[in-house]
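S.K.: Quick one: sequence plus predicted model below, questions after.
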Amino acid sequence: MEARHDLCGPRTLFTMDRQQFLLTALSASAGLVLARCTGAQNPTETMNETTHAPEAATSSKLMFEQMKLPYCYDALEPHIDAKTMEIHYGKHHAAYVKNVNEAIAEEKIGAATPEELFKSVSKYSAKARNNGGGAWNHNLYWEVMKPGGSKPSGKLLDAINSAFGSLDAMKKQFAEAGMKRFGSGWAWLVDQNGKLAIGSTPNQDNPLMDVSEFKGTPLLGMDVWEHAYYLKYQNKRDEYISNWWDVVNWDAVAKRLG
């Protein structure tokens, strides 16, 4: 594979000695080129050949795609480090996209959209469910973050105040959802027929899936899998969650609310 340089420019990765379960991912990513941010608006090129659907999936109506990052790998520092971003986006997310498109082709899934697939995901394999969720969830995750973050206002802030009493109260409840999710999963802020609600899902499930006990239209999603934070925070998930608010893109959340 030939790594492509993007507008942000290249930077070389350095090795890192962490917990054993992460060493494989680190060594696999050592050959990638890491983008160095020169401006928040510079897009990052996808740097993994697994991003796009395999040829076998092209006959299906549905094809998941990995969004292009709207910022560079180091743009969210110090809150989310560049090495985590590079592995998370270039390896984990890219693999979800590749694998779900394989599952769509193998199982001849006829859904036209991810949302249609999720409505009946219980009919399909664990491969389709886990990787479909992983592909979709991460696209939302990258979208609802940006360098420097932002603040909610207008209709979104009114909805938050109505549902939770205050922004601080909403953040506290959201953080609790992330902390109480045992093992891997996601914390969500969703729209439930015009009313905001907070909950969590295990693994790569999301509130659009028919298998989910917590349902709604996702507005904000936080990844609490260890691969999202372990290189920087180790087992301190609470610190990751606390610092994550500094990069939340509330403007993107407001657009999803409509």
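M.R.: Looks like it arrived, so ask away. Values in this document were obtained by computation on a predicted structure and should not be read as measured data. Numbers count the residues shown, from 1 in each chain.
S.K.: Residue 113: neighbour count?
M.R.: Around residue 113 there are 10 other residues, counting by other Cβ atoms under 10 Å. From N, CA and C alone the C-beta is placed, and that goes for glycine too.
S.K.: likewise residue 243?
M.R.: 17.
S.K.: pretty sure it contacts residue 79?
M.R.: Yes - with contacts counted by Cβ atoms under 8 Å, residue 243 reaches residue 79, the gap being 4.4 Å.
S.K.: So which bits of the strand or helix carrying residue 221 are buried?
M.R.: Using DSSP states H and E, residue 221 sits within strand 217-223. Going by neighbour count (16 or more other Cβ atoms under 10 Å), the buried part of strand 217-223 is 218-223.
S.K.: Kindly export the helix or strand following that strand (C-alpha atoms) in CSV.
M.R.: Where DSSP H and E defines the elements, the next helix or strand beyond strand 217-223 is helix 230-233. Output of helix 230-233 as CSV, limited to C-alpha atoms (Å, rounded to 0.1, in the frame of the first residue of the first chain):
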residue,chain,number,x,y,z
TYR,A,230,-6.4,3.9,26.5
LEU,A,231,-3.2,5.1,25.0
LYS,A,232,-3.6,8.5,26.7
TYR,A,233,-5.8,7.8,29.7
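S.K.: secondary structure element for residue 198?
M.R.: Counting by DSSP H and E, residue 198 is part of strand 195-202.
S.K.: got the angle for that strand vs strand 217-223?
M.R.: Using axes from the mean of the first three to the mean of the last three Cα atoms, to 10 degrees, the direction of strand 195-202 lies 40 degrees away from that of strand 217-223.
S.K.: Show me what strand 195-202 is packed against.
M.R.: helix 154-164, helix 167-180, strand 185-192 (3 or more Cβ pairs under 8 Å, 6 or more residues apart in numbering; DSSP states H and E).
S.K.: buried stuff in stretch 100-117?
M.R.: 100-105, 109, 111, 114, 117.
S.K.: returning to what we had before: parallel or antiparallel, which strands does the strand holding residue 198 pair with?
M.R.: Note on strand 195-202: by DSSP bridges, its sheet partners are strand 185-192 (antiparallel).
S.K.: contacts for the partner strand?
M.R.: Contact with strand 185-192 is made by 137, 170, 174-175, 177-178, 181, 196-207, 214-225, 253, 257, as judged by Cβ atoms under 8 Å, 6 or more residues apart in numbering.
S.K.: at 7 Å what do you get?
M.R.: 137, 174, 177-178, 181, 196-203, 206-207, 214, 216-224, 257 (Cβ atoms under 7 Å, 6 or more residues apart in numbering).
S.K.: re the thing from before, just the buried residues of the strand holding residue 198, please?
M.R.: Going by 16+ other Cβ under 10 Å, strand 195-202 has these buried residues: 196-201.
S.K.: for those residues, which one is nearest residue 235?
M.R.: For these, the residue nearest residue 235 by Cβ to Cβ is residue 200; the value is 18.4 Å.
S.K.: need the contact list for that closest one.
M.R.: Applying Cβ under 7 Å, 6+ apart, the residues contacting residue 200 are 177-178, 181, 185-188, 214.
S.K.: So which of the residues you listed is the closest to residue 237?
M.R.: residue 178 (7.1 Å).
S.K.: For the stretch 1-150 of the chain, which residues score under the pLDDT cut-off?
M.R.: Scanning the stretch 1-150 of the chain for pLDDT under 70 picks out the ranges 1-60.
S.K.: Does residue 207 touch residue 215 like I think?
M.R.: Yes - with contact defined as Cβ atoms under 7 Å, residue 207 reaches residue 215; the gap is 5.0 Å.
S.K.: Who has more neighbours out of those two?
M.R.: residue 207 (24 against 16).
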